[in-house]
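**Q** When you get a sec, could you give me coordinates for this:
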Amino acid sequence: MRVRSSTRLEAPPDWVALQLQSTEVFRHITAPVMVFTPADGAAWPTRWTVGELQVHMRLLGLLPLGSQAVRISIEPAQQAGGWPILRDNGQGRLMCRWDHRITVQALPQGATLYTDDIDVAARYLPWLMTPLSAVFAWLFFRHRQRRWRALARTLFRHESSDGPAPPPTPWRRRRAVDQLLEGFANSAGAAPPARWRWLEAAHVVGQGSLPLHWQSHCAMLHYALALRDLREAAGQLLRLALVSVGHLLDRLPRGNIGRSHVNAFKPMTPTAEVQALIDQALGDFVRR
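**A** Numbering: from 1, shown residues only. A predicted model of the protein is given here:
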């Protein structure tokens, strides 16, 4: 069953084609709906190359969906002077066919028409699972294209001018959250308000990643229980229940510190003390 979806990106085709080669961009646009990790503990290549890569998949970073063979090939452009087509003709534990083609075409005013075209066939109960897989593919690629549009607005603008900087890379975000949680652990002798700032900073930095977002709220829940602060603990349980929904709908209020006394849906500007911890953890990377 075939699914096709297109969108306009406010960046030129040559820039989009270059980003298509990046595995880091792939991981960014597919998160948090799908989280991929290379099989057998292998490291991610910096860029996609022609060939096959085995990956493990987790829905929302939590539910294992088995392995998938990503088979990359390049096909000639559909029209003279166009950009080659990136193809992933893969299969996996649940899908006997996942044939995905990405095309980019120039639009007026330096924009790009980006198209996902995929043919899917389920391995089990195909009469039922193939149509359901097609629906999921359509929703998944709409999510990917929404992330692509945001990436084009931020990353391309930053590279071509003095516009806003892009978000931290996944490995830098992971390292920063680890550093902030370590700072919290090492501040055992400090007063609770000072210790909470470490956790608030970890929440702000990790909010863009489902596993890190979940980890920051778990740390807050454990600390609230250690303080016997039942109101804060109840608030953290509520936020843990909302984490997956927020990522699925891509409704994450930037800068929100994650505490029970603030609105869980309201974007915030962190306090100077929290922002200083964030800046220190991210090093010289411009804040999100």
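**Q** Mind giving me the packing neighbours of the helix or strand harbouring W15?
**A** Using DSSP states H and E, W15 sits in helix 13-20. Counting contacts by 3 or more C-beta pairs under 8 Å, 6 or more residues apart in numbering; DSSP states H and E, helix 13-20 packs against strand 95-107, strand 111-122. Glycine gets a C-beta too; all of them are placed from N, C-alpha and C.
**Q** Tell me the buried residues in it?
**A** Within helix 13-20, the residues scored as buried using 16 or more other C-beta atoms under 10 Å are 13, 15-16, 19-20.
**Q** Stretch 183-195 now?
**A** Buried residues in stretch 183-195 (16+ other C-beta under 10 Å): 183-184, 195.
**Q** Figure out how far that stretch is from the centre of its chain.
**A** Its chain's C-alpha centre and that of stretch 183-195 lie 30 Å apart, by C-alpha atoms, centre = their mean, to the nearest Å.
**Q** outside of it, which residues touch it?
**A** With contact meaning C-beta atoms under 8 Å, 6 or more residues apart in numbering, stretch 183-195 is reached by 198-199, 202, 219, 223, 227, 277, 281.
**Q** and with 10 Å instead?
**A** The contact list for stretch 183-195 (C-beta atoms under 10 Å, 6 or more residues apart in numbering) reads 196-202, 219-220, 223-224, 226-227, 229, 273, 277, 280-281.
**Q** Give me the subset of these lying in strands.
**A** Nothing among the contacts of stretch 183-195 maps onto strands, per DSSP state E.
**Q** Just the buried residues out of those residues, in PyMOL syntax.
**A** Buried residues among the contacts of stretch 183-195 (16+ other C-beta under 10 Å), as a PyMOL selection:
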select buried, resi 196+197+198+199+200+201+202+219+220+223+224+277+281
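**Q** Among the contacts of stretch 183-195, name the ones in helices.
**A** Judged by DSSP state H, those include 196-202, 219-220, 223-224, 226, 273, 277, 280-281 as members of helices.
**Q** what about Q79, how many residues close to it?
**A** A count of nearby residues for Q79, using other C-beta atoms under 10 Å, gives 9.
**Q** my guess is it meets Q105, correct?
**A** Yes: Q79 lies in contact with Q105 (C-beta atoms under 10 Å); the separation is 8.1 Å.
**Q** can you redo the helices and strands packed on helix 13-20 as CSV with mean pLDDT, mean neighbour count and distance to W48?
**A** Converted to CSV, the helices and strands packed on helix 13-20 look like this (pLDDT from 0 to 100; neighbours: other C-beta atoms under 10 Å; distance: least, C-beta to C-beta, whole Å):
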stretch, mean pLDDT, mean neighbour count, distance to W48
strand 95-107, 91, 19, 11
strand 111-122, 93, 19, 16
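**Q** Switch those over to TSV; also include distance to S73.
**A** Listed next are these as TSV, based on distance: least, C-beta to C-beta, whole Å:
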stretch	distance to S73
strand 95-107	10
strand 111-122	14
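**Q** Among these, which comes closest to F26?
**A** Taking C-beta to C-beta, strand 95-107 is the member of the helices and strands packed on helix 13-20 nearest to F26, at 10.6 Å.
**Q** residue nearest the centroid of the protein?
**A** A31 (3.0 Å; C-alpha atoms, centre = their mean).
**Q** After the helix or strand of the chain with the lowest mean pLDDT, which helix or strand is next?
**A** Lowest by mean pLDDT, DSSP states H and E among the helices and strands of the chain is helix 157-160, with a mean of 55. Later in the chain than helix 157-160, the nearest helix or strand by DSSP H and E is helix 170-186.
**Q** in that next one, what counts as buried?
**A** 170, 173-177, 179-181, 183-184.
**Q** Low-confidence bits of this structure, can you list those?
**A** Low-confidence segments of the chain, defined by pLDDT under 70: 81, 155-171, 284-288.
**Q** Name the SS class of the spatially most distant residue from the centre of it, please.
**A** Within the chain, the residue lying farthest from the chain centre (C-alpha atoms, centre = their mean) is G189, at 35.5 Å. At G189, secondary structure determined by DSSP: H, G, I helix; E, B strand; the rest coil is coil.
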